[in-house]
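Chemist: have a look; sequence and predicted model below, questions after that.
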Amino acid sequence: MTTSTNTDGRAGRGAESPGAAFRRVMDAARAKGEAVATPGAFNALCARAIARHGFQACYVSGAATSVSAGVPDVGLLTMEHFCRVIREVADGSGLPVLADADTGFGEAEMVRRTVIEYARAGGAGLHLEDQRFPKRCGHLDGKELVSLDHMVEKVEWARKASDGVTERRSDRGRRGDFVICARTDAKGVEGFDAAVARAKAYVAAGADMIFPEGLTSEDEFKRFADAILSVSSGTYLLANMTEFGKTPLIPLATFGAMGYACVIYPVSLLRVAMGAVDRALAQLKADGSVEGFIGQMQTRQQLYDLVEYKPGVAWECRV
């Protein structure tokens, strides 16, 4: 699947791959000292709303995907489950989609397959983490890391797979467009300096982007960015702006000024949606009617507008 930009701002099939589109929007933002805000989409309808509001990329979170399936974020879902969500989000939004790949669904051979299948599903990139399976949310204590050599091997296999995807598109001689992001959870296990050292090793192994998880202050984000960008200015940096964790709420503009290319909001929309669901259910149970919260609902016409449907007119699948 390749993409180009349509007149409504969404990406459509064309000469530009999803990975190339994602790199383009990040490069344009970095040139202005900004970061790309990348909200998490937990389904295709949510992804459509993200595109409708003018965002340039979206994210598929392992946590949101897992809890939407009724299970905790401990690596229980299959790669095929994730690929289905990626395909729906990519098709629904028309935007570049960065997706969580947890620990790669296995060892190096499975990492290679994951890159290929995520790319086939329409993803623009993925991130792999250096936790030992079964993994934990990055903002919980008690995490364990795989060895540095083990994670380096996974990044190397992911890099080769990305380059292979590009070669099959007949773009020989170019580095793969599909973005390989390496996440390190070392800060909460071995300390800040270990996180920096691991990140540098992952860049050397072929990672395009680095995701430092569980940093606890704006100062740590700044020092981490300075440490990585001083040795590899072309590396993209990702910041995780999740709520109720170890990281304080930091403005998008601040991340951009520090050199971060992308800021994900992985579970924000799911949390808002489920908060509204809980409140509505409580009121329905108490009142026996939806009248008290009907003004908070998306109307029928608003829903039709979001999916671009007009009753009585044949609906065409977006290509």
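Modeler: On my side now, so go ahead. Residues are numbered from 1 along each chain as shown.

Chemist: contacts, neighbours, all on C-alpha from now
Modeler: OK.

Chemist: how much space between the residue lying closest to A205 once chain neighbours are set aside and S232?
Modeler: Counting by CA to CA, 6 or more residues apart in numbering, A205 lies nearest to E156, which is 5.4 Å off, once chain neighbours are set aside. Separation of E156 from S232 (CA to CA, to the nearest Å): 17 Å.

Chemist: just want to know which of these two has more residues nearby.
Modeler: Neighbours per residue, other CA atoms under 10 Å: of E156 and S232, the larger number sits with E156, 21 against 13.

Chemist: pLDDT value on that one, please?
Modeler: At E156, the model reports a pLDDT of 97.

Chemist: go on, the one 4 residues further on?
Modeler: Confidence per residue is given as pLDDT, and for K160 that number is 95.

Chemist: quick one: distance of the helix or strand harbouring the residue nearest to A205 to the chain centre.
Modeler: Assigned by DSSP states H and E, E156 belongs to helix 148-168. Relative to the chain's own centre, helix 148-168 is displaced by 18 Å; criterion: CA atoms, centre = their mean, to the nearest Å.

Chemist: what's in contact with the helix or strand following that helix?
Modeler: Following helix 148-168 in sequence order, the next helix or strand is strand 179-184 (DSSP H and E). With CA atoms under 8 Å, 6 or more residues apart in numbering as the test, strand 179-184 has contacts from 19, 23, 124-131, 155, 158-159, 162, 195, 198-199, 202, 206-213.

Chemist: from those residues, which ones fall inside helices?
Modeler: 19, 23, 155, 158-159, 162, 195, 198-199, 202 (DSSP state H).

Chemist: who wins for most neighbours among the residues you listed?
Modeler: Compared across the ones in helices among the contacts of strand 179-184, A158 has the highest neighbour count, 33 neighbours, by other CA under 10 Å.

Chemist: which residues touch that residue?
Modeler: When contacts are counted by CA under 8 Å, 6+ apart, A158 touches 108, 111-112, 115, 180.

Chemist: ok, of the residues you listed, which one's closest to P39?
Modeler: Among these, I180 lies closest to P39 (CA to CA), at 18.7 Å.

Chemist: quick one: pLDDT of that closest one?
Modeler: 98.

Chemist: again with the one 3 residues further on
Modeler: Looking at R183, its pLDDT is 96.

Chemist: do G164 as well
Modeler: Reported pLDDT at G164 in the predicted model: 86.

Chemist: surely it touches W157?
Modeler: No: G164 lies out of contact with W157 (CA atoms under 8 Å); the separation is 10.5 Å.

Chemist: more neighbours, these two?
Modeler: Comparing G164 with W157 by neighbour count (other CA under 10 Å), the higher total belongs to W157, at 22 against 19.

Chemist: quick check, nearest of the ones in helices among the contacts of strand 179-184 to L95?
Modeler: Using CA to CA, G19 comes nearest to L95 of the ones in helices among the contacts of strand 179-184, at 10.3 Å.

Chemist: which SS state does the most centrally placed residue in the chain fall under?
Modeler: In the chain, the centroid-proximal residue (CA atoms, centre = their mean) is Y59; its distance is 3.2 Å. Following DSSP: H, G, I helix; E, B strand; the rest coil, Y59 is assigned to strand.

Chemist: surely it and V97 touch.
Modeler: Yes: at 5.4 Å, Y59 counts as touching V97 under the criterion of CA under 8 Å.

Chemist: need the contact partners of stretch 46-66.
Modeler: Identification of contacts with stretch 46-66 by CA under 8 Å, 6+ apart yields 9-10, 22, 25, 36-42, 72-73, 76-77, 82, 85-86, 89-90, 92-102, 137, 264-267, 270, 306-307.

Chemist: can we see that at 6 Å?
Modeler: 38-42, 72-73, 89, 92-93, 95-100, 266-267 (CA atoms under 6 Å, 6 or more residues apart in numbering).

Chemist: then stretch 204-218?
Modeler: With contacts defined as CA under 6 Å, 6+ apart, stretch 204-218 is touched by 139, 152, 156, 159, 180-185, 235-238, 246-247.

Chemist: same deal with stretch 297-313?
Modeler: Under CA under 6 Å, 6+ apart, the answer for stretch 297-313 is an empty list.

Chemist: what's the offset of that stretch from the middle of its chain?
Modeler: Centroid displacement of stretch 297-313 relative to its chain, using CA atoms, centre = their mean, is 28 Å.

Chemist: related to what we said a few turns ago, now, the contacts of A158 that are in strands?
Modeler: Under the assignment DSSP state E, these contribute I180 to strands.

Chemist: among the contacts of A158, which two are most distant?
Modeler: Using CA to CA, the pair of those lying farthest apart is A108 and I180, separated by 13.9 Å.

Chemist: more neighbours, those two?
Modeler: Set side by side, A108 and I180 show more neighbours around I180, with 28 against 19, by other CA under 10 Å.
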